[in-house]
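K.L.:
quick one, structure for this:
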Amino acid sequence: MQFDQQFNEGDFRIYVAASDTGRGRGYTAAVVVSRVRGAMNTPCEVYRDTCLAGGHRWISRNAALSYAASVGREIAHTEPSRLAHC
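P.N.:
Numbers count the residues shown, from 1 in each chain. I've put the predicted structure just below:
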């Protein structure tokens, strides 16, 4: 999967993508969250969802990317114990 954007959020790097579903049917969203600080030696993927919201289709690429970014931030901020395995 080719990610459109990446950004850091605390100890995590968040990657987001939007995929065109074809024939003007909208965009699906994906997110990957990796721990980059506090990880043993190398970044560690702690969360991945390549079909956010059950494959919901957003009307624009920007809307899909925005949703994916908000999910990534929420995961990084609200579920640290779930992400502690790295």
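
K.L.:
ok, now which ones touch the residue nearest the centre of the chain?
P.N.:
Geometric centre of the chain, nearest residue: Val31, 1.8 Å, by Cα atoms, centre = their mean. Listed by Cβ atoms under 8 Å, 6 or more residues apart in numbering, the contact set of Val31 reads 14-17, 47-49, 52, 68-69, 71-72, 75. From N, CA and C alone the C-beta is placed, and that goes for glycine too.

K.L.:
mind giving me the PyMOL select for these, buried ones only?
P.N.:
A single PyMOL command selects the buried members of the contacts of Val31 (16 or more other Cβ atoms under 10 Å):
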select buried, resi 14+15+16+17+47+52+68+69+71+72+75
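
K.L.:
make a markdown table out of the contacts of Val31 and add secondary structure and pLDDT.
P.N.:
Listed next are the contacts of Val31 as a markdown table, based on DSSP: H, G, I helix; E, B strand; the rest coil; pLDDT from 0 to 100:
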| residue | secondary structure | pLDDT |
| --- | --- | --- |
| Ile14 | strand | 97 |
| Tyr15 | strand | 98 |
| Val16 | strand | 98 |
| Ala17 | strand | 97 |
| Tyr47 | strand | 92 |
| Arg48 | strand | 95 |
| Asp49 | strand | 96 |
| Leu52 | helix | 96 |
| Ala68 | helix | 98 |
| Ala69 | helix | 98 |
| Val71 | helix | 97 |
| Gly72 | helix | 97 |
| Ile75 | helix | 92 |
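
K.L.:
show me where the protein has strands.
P.N.:
5-9, 12-20, 27-35, 44-49 (DSSP state E).

K.L.:
quick revisit: and the pLDDT for the residue nearest to the centre of the chain?
P.N.:
Val31 carries a pLDDT score of 98 in this model.

K.L.:
how about Thr28?
P.N.:
At Thr28, pLDDT is 96.

K.L.:
Cys51 is in contact with that one, correct?
P.N.:
Yes. If you go by Cβ atoms under 8 Å, Thr28 and Cys51 touch, sitting 6.3 Å apart.

K.L.:
which of the two has more neighbours?
P.N.:
Higher neighbour count among Thr28 and Cys51: Thr28, with 22 against 11, using other Cβ atoms under 10 Å.

K.L.:
all good on my end, thank you.
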